[in-house]
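Asks: requesting a structural model of the entry that follows:
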Amino acid sequence: MKQLMNRSLPHVLEPHQQEEISGTDAYAGLVNKMHSGLLWITCFVFVIWLLLFTPENDTYLFGDYFRFDAFTLLIWVVVTFFSALISSYSEDYLRGFKRQGVFIGYAFGFTISVMLLVFSNHVVPLILSWLAMGLFMAQLIGIKSDWNDAVQAAKFTRRYFLASTLCLTFGLLLMAFHAGEFTLAGLLSAIEDLPGYINVLAALCIVLAAIIQSAVFPFHRWLLSAMTAPTPASALMHAGFVNGGGILLTLFSVLILASGTFDLLFLIGGLTAIIAQFAKLLQVHVKQKLACSTIAQMGFMIMQCGLGFFNAAIVHLILHGFYKAYLFLSAGESIALSEPKRAPEIRINVPQGLLVLVYGVLGALLFTTLTGKGQALDSSVFLTLIVAITVGQMTYNIVKQRVFSLFQKIVIPPLLFFSGIVIYAMLFNGITLILTKTAIETAALPLSGVQILFGLVFLMGFFIMKLGVYRRVPWLYVKLLNITQPNKRTILN
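Replies: Numbers count the residues shown, from 1 in each chain. Below is the predicted model of the structure:
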């Protein structure tokens, strides 16, 4: 009882202690403002540089250890933007937090680590930067060191990140020692001369490293256990850290192609997307919902890599970063006390169904026209199908609203999907142009039996989810609920 009272009652500070904390807080706030300003200026410079970046050579080498190309600059733009945005948000959010300065240091270290990752041309800085990303993120998760649940969450997630680094290290060194090359450029050019089993083993290790960091099933539990992180750290984690898997796979797209592990990526990504989308519907905690959403989106990203569209994966991680940063930084506005309500059943009449079908097809045709994808019978068909499903779902969400008139239900969907698809196509084509200046593969793959079969399973899963069939299957409900539980040591005790 005495311990509970000591934890519940506020600690009264002496006047000199209050002045000391106030002075420290002001200093930390000034450092945070300088940190944010530096990041915004750097991001602006990188954006201008990217717009004007038309090198005579595709890649600039700085000895054997670093290289610079358009892809490097693109990721630098994305990383500095999100870091600057989250740093600006944390100026108010972390005000009064005694470890604000430490938080700024860890966040800055994480930003530099990601930038170093895409700047590396040697296995040593690449491995070290990947390790540093995980260590900095674990420190951000456990930033409140006097809170046991945060400390346990940091320990739990750190084990996953170290396992990811070990997988990456083994895969890279396996290739390096067999090829006698320790630069990325040398390794990628020597892949064709390596034995097939070496390429497969190295690819599996790199894929494992990527899916662990991206919290892809069955390595998703670390993300669900990281709820102790403050909101700015969660935003940085969901908008930036988990996307590292997509960046890593893109850097080694040549190896993925040579090893023939595309179908494995497609299956893992698709399975994760289905499971996480189902699981999201069962969550009652706003952060748990967002975590399941992130896991599903990472599944989609890995799925796109499995289709050979690393350019689409990069577009996806950029758009996901914007979306998830917004959701986390505004999550506090979504918290409200409400009574449990029965999930609404999907009811759609024939005219609504026709409108959904027609607009879904039109959206897919527009995407095909603007990007050239989906015109041949290859893996690009899946990209077009996903666009059609997205447009159809958006149309249904509008036509079911009673506040809209019939005219509005007919006019609003095409305006939204036309503008959205145009923006997406511009980004897709722009990133495709950037990647053509590098050694990254972006070509569509021939349709395989695995892709067709799992594509049908994916569609069935989508409609089962939307129609709420899973609610009538108790064992499925319980199974999904169990696999989305965080580690028991990271839950409030």
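
Asks: which helix or strand contains Gly109?
Replies: helix 100-119 (DSSP states H and E).

Asks: show me where the protein has strands.
Replies: Ranges of strands within the chain are 60-62, 66-68, based on DSSP state E.

Asks: ranking those by burial, who's on top?
Replies: Comparing the strands of the chain by mean neighbour count (mean count of other CB atoms under 10 Å), strand 66-68 ranks first with a mean of 18. (C-beta placed from N, C-alpha, C; glycine too.)

Asks: packing partners of that one?
Replies: For strand 66-68, the contact count by 3 or more CB pairs under 8 Å, 6 or more residues apart in numbering; DSSP states H and E identifies strand 60-62, helix 100-119 as packing neighbours.

Asks: avg pLDDT for it?
Replies: Per-residue pLDDT over strand 66-68 has a mean of 88.

Asks: just stretch 181-193 next, same as before
Replies: The average pLDDT within stretch 181-193 is 85.

Asks: list the buried ones in it?
Replies: For stretch 181-193, the neighbour count (16 or more other CB atoms under 10 Å) marks 181-184, 186-188, 190-191 as buried.

Asks: least reliable of the helices and strands packed on strand 66-68 going by mean pLDDT?
Replies: Between the helices and strands packed on strand 66-68, the one with the least mean pLDDT is strand 60-62; it has a mean of 78.

Asks: my guess is Phe418 meets Phe367, correct?
Replies: No - the criterion here is CB atoms under 8 Å, and Phe418 misses it with Phe367 at 10.6 Å.

Asks: of these two, which one has the most company?
Replies: Taking other CB atoms under 10 Å, Phe418 and Phe367 do not tie; Phe367 has more neighbours (26 against 14).

Asks: next, count neighbours for the closest residue in space to that one that isn't next to it in sequence.
Replies: Excluding the flanking residues, the one nearest Phe367 by CB to CB, 6 or more residues apart in numbering is Val387, at 4.5 Å. Residues lying near Val387 (other CB under 10 Å) number 25.

Asks: so Val387 makes contact with Leu365?
Replies: No - under the criterion of CB under 8 Å, Val387 makes no contact with Leu365, lying 9.6 Å away.

Asks: give me the pLDDT value at the closest residue to Ala70 other than its chain neighbours.
Replies: Sequence neighbours aside, Ile434 is the residue nearest to Ala70 in space, at 4.4 Å (criterion: CB to CB, 6+ apart). pLDDT for Ile434: 78.

Asks: do Trp76 as well
Replies: 92.

Asks: now swap in Met237 and tell me
Replies: We note a pLDDT of 85 for Met237 in this prediction.

Asks: now for it, how many residues are close by?
Replies: The tally of other residues near Met237 (other CB under 10 Å) stands at 23.

Asks: same check on the one 10 residues further on?
Replies: The local packing of Ile247 (other CB under 10 Å) involves 22 other residues.

Asks: now do the contacts for it.
Replies: Contact analysis of Ile247 by CB atoms under 8 Å, 6 or more residues apart in numbering lists 75, 114, 117-118, 314, 317.

Asks: tell me the one among these nearest to Ala229.
Replies: Comparing the contacts of Ile247 against Ala229 with CB to CB places Val114 closest, at 17.2 Å.

Asks: any idea how far Leu74 is from Ile386?
Replies: For Leu74, the distance to Ile386 equals 23 Å [CB to CB, to the nearest Å].

Asks: again but with Val358, I slipped
Replies: Val358 is 18 Å from Ile386, where distance means CB to CB.

Asks: looking at these two, which is more packed in?
Replies: Ile386 (20 against 14).

Asks: helices of the stretch 251-400 of the chain, start to end?
Replies: Secondary structure of the stretch 251-400 of the chain (DSSP state H, counting those that start in this stretch): helices at 253-259, 262-280, 286-306, 310-329, 350-371, 380-399.

Asks: just these: most buried one?
Replies: Most buried of those, by mean neighbour count (mean count of other CB under 10 Å): helix 286-306, with a mean of 24.

Asks: give me the angle between that helix and helix 262-280.
Replies: Here the directions of helix 286-306 and helix 262-280 differ by 160 degrees (axes from the mean of the first three to the mean of the last three CA atoms, to 10 degrees).

Asks: quick one, helix 286-306 and helix 310-329 angle?
Replies: 170 degrees.

Asks: helix 286-306 versus helix 380-399: what angle between them?
Replies: Between the axis of helix 286-306 and that of helix 380-399 there is an angle of 150 degrees, by the same axes, to 10 degrees.

Asks: on that earlier part again, need the contact list for the residue nearest to Phe367.
Replies: Going by CB under 8 Å, 6+ apart, Val387 touches 363-364, 367, 421.

Asks: same check on Ile483?
Replies: With CB under 8 Å, 6+ apart, Ile483 has these contacts: 220, 275, 279.

Asks: does Ala276 really touch Ala296, like I thought?
Replies: Yes - in this structure, Ala276 is within contact of Ala296 by CB under 8 Å, at 3.6 Å.

Asks: okay, the contacts of Ile247 in TSV with distance to Phe252 next?
Replies: Shown next, in TSV, are the contacts of Ile247 (distance: CB to CB, whole Å):
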residue	distance to Phe252
Ile75	15
Val114	16
Leu117	12
Val118	12
Ile314	14
Leu317	16
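
Asks: still on that earlier bit, what is the nearest of the contacts of Val387 to Ala84?
Replies: Nearest to Ala84 among the contacts of Val387 is Ile421, at 28.4 Å by CB to CB.

Asks: now do that closest one, the pLDDT please.
Replies: 80.

Asks: near it, how many other residues are there?
Replies: When neighbours are counted by other CB under 10 Å, Ile421 comes out with 23.

Asks: hang on, isn't it packed against Gly363?
Replies: Yes - using CB under 8 Å, Ile421 is in contact with Gly363, at 6.1 Å.

Asks: what do the two both touch?
Replies: Common neighbours of Ile421 and Gly363, using CB under 8 Å, 6+ apart, are 387, 391.

Asks: contacting residues for the nearest residue to Ile275 once chain neighbours are set aside?
Replies: By the measure of CB to CB, 6+ apart, the closest residue to Ile275 outside its immediate chain neighbours is Phe217, 5.6 Å from it. Residues near Phe217 by CB under 8 Å, 6+ apart: 268, 271-272, 275-276, 295, 299.

Asks: over to Cys205?
Replies: 167-168, 170-171, 174.

Asks: sort out for me which of the buried residues of stretch 181-193 are in helices.
Replies: 184, 186-188, 190 (DSSP state H).

Asks: re the thing from before, so the residue nearest to Ile275 versus Ala296, what's the distance?
Replies: Phe217 is 10 Å from Ala296, by CB to CB.
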